[in-house]
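**Student:** Structure here, sequence nowhere to be found:
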Ligand SMILES: [Ca+2]
């Protein structure tokens, strides 16, 4: 308020304020640094080739465990051990029907790199072979590590690969934000013939102003940081300026995977992953103060 006392004439003040608003970016809209997306260099910063037989490397992977449906009415129970194994260079997450005390349940695994691998702007490539069968719902995806803008969906979600068994060989890649989430998320489906018989590379390139989805190096879909309306929070449509981590899981049933029922004759079902590569660009790290 001290500032005002230097001006005797309100029209002059208003003119100056208008001029400033035209020249200066709004503080709320952190400006996107200038870069050439076609000339970025990338360096491998995190990877798992799954080349050591046994349990997945605990220095790279943790687990979410339990069964409460995971917000989608999913039927599987996620275990910390026994459903995710590495053999012959491949990570396998196996979804099984289990019998115990005359009751039946479904076991699987949900692995995540939270606090072991967390990145702000990166390129991820995961080479994977998807399971078959109505009710299977594998995913390779990202969630915010610090939930700076609040709980889901306010801090965002990036789905690099989702596949539901009732819609075989169709890979779905999506963005969830506070404004667009769940059934109204921003999503794109791509036919990937042979996705359940052979390995394909599913990826994302996450930049300060766009998220580019990839499949085998093609770019079927991109989400550009939108312009925000007057008074709308940037984080409502672009919470993607905070670090995120990677998740890999195989769900059973639920609001989407089980939409057309489940057929347990497909069990055990397997999601296989040959490698996960995470790259970051030194140029982007420098531009965003992460050196
Ligand atoms: Ca491998």
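**Tutor:** All right, it came through fine. Computed from a prediction, not measured in an experiment: that's the story for all the values here.
**Student:** rest of the way, CA atoms for contacts and neighbours
**Tutor:** OK.
**Student:** what does the stretch 151-291 of the chain put close to the ion?
**Tutor:** Counting by Cα under 5 Å from the ion, the residues of the stretch 151-291 of the chain close to the ion are 274-275.
**Student:** Next SSE downstream of the helix or strand of the chain with the lowest mean pLDDT?
**Tutor:** Among the helical and strand segments of the chain, the one scoring lowest on mean pLDDT, DSSP states H and E is helix 10-23, with a mean of 45. Toward the C-terminus, helix 10-23 is succeeded by strand 43-48 as the next helix or strand (DSSP states H and E).
**Student:** Could I get the buried residue list for that following strand?
**Tutor:** Taking 16 or more other Cα atoms under 10 Å as the basis for neighbour counts, the residues of strand 43-48 that come out buried are 46-48.
**Student:** Then stretch 132-142?
**Tutor:** Neighbour-count burial for stretch 132-142, counted by 16+ other Cα under 10 Å, picks out 132-142.
**Student:** how about those residues in a markdown table, adding distance to residue 212 and pLDDT?
**Tutor:** Converted to a markdown table, these look like this (distance: Cα to Cα, whole Å; pLDDT from 0 to 100):
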| residue | distance to residue 212 | pLDDT |
| --- | --- | --- |
| 132 | 27 | 98 |
| 133 | 29 | 98 |
| 134 | 29 | 98 |
| 135 | 28 | 98 |
| 136 | 26 | 98 |
| 137 | 22 | 98 |
| 138 | 20 | 98 |
| 139 | 17 | 98 |
| 140 | 15 | 99 |
| 141 | 14 | 98 |
| 142 | 14 | 98 |
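**Student:** So which of those residues sit within strands?
**Tutor:** Counting by DSSP state E, the part of the buried residues of stretch 132-142 found in strands is 136-142.
**Student:** need the residues of the stretch 1-150 of the chain near the ion, please.
**Tutor:** Among all residues of the stretch 1-150 of the chain, those adjacent to the ion (criterion: Cα under 5 Å from the ion) are 49-50, 89-90.
**Student:** ok, now with 6 Å
**Tutor:** Proximity of the stretch 1-150 of the chain to the ion, by Cα under 6 Å from the ion, involves residues 49-51, 89-90.
**Student:** Is there a quick PyMOL command that grabs whichever of the residues you listed are buried?
**Tutor:** Buried residues within these, as defined by 16+ other Cα under 10 Å, are selected in PyMOL through the command that follows:
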select buried, resi 49+50+51+90
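**Student:** Tabulate the residues of the stretch 1-150 of the chain next to the ion (TSV), appending pLDDT.
**Tutor:** What follows is those, written out as TSV (pLDDT from 0 to 100):
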residue	pLDDT
49	98
50	98
51	98
89	98
90	98
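**Student:** from the residues of the stretch 1-150 of the chain next to the ion, which is closest to residue 77?
**Tutor:** residue 90 (22.5 Å; Cα to Cα).
**Student:** And the residue nearest to residue 189 when sequence neighbours are not counted, how close does it get to the ion?
**Tutor:** Computed as Cα to Cα, 6 or more residues apart in numbering, the closest residue to residue 189 that is not its neighbour in sequence is residue 172, at 4.4 Å. For residue 172, the distance to the ion under the criterion Cα to the ion, to the nearest Å works out to 24 Å.
**Student:** so who does residue 172 touch?
**Tutor:** The contact partners of residue 172, taken as Cα atoms under 8 Å, 6 or more residues apart in numbering, are 159-163, 187-190.
**Student:** Leaving out sequence neighbours, find the closest residue to residue 196.
**Tutor:** The shortest distance from residue 196 to any residue other than its chain neighbours is 4.5 Å, reached at residue 130 (Cα to Cα, 6+ apart).
**Student:** ugh, typo on my part, it should be residue 62
**Tutor:** If you skip the residues right next to it in sequence, residue 62 has residue 112 as its closest partner in space, 5.3 Å away by Cα to Cα, 6+ apart.
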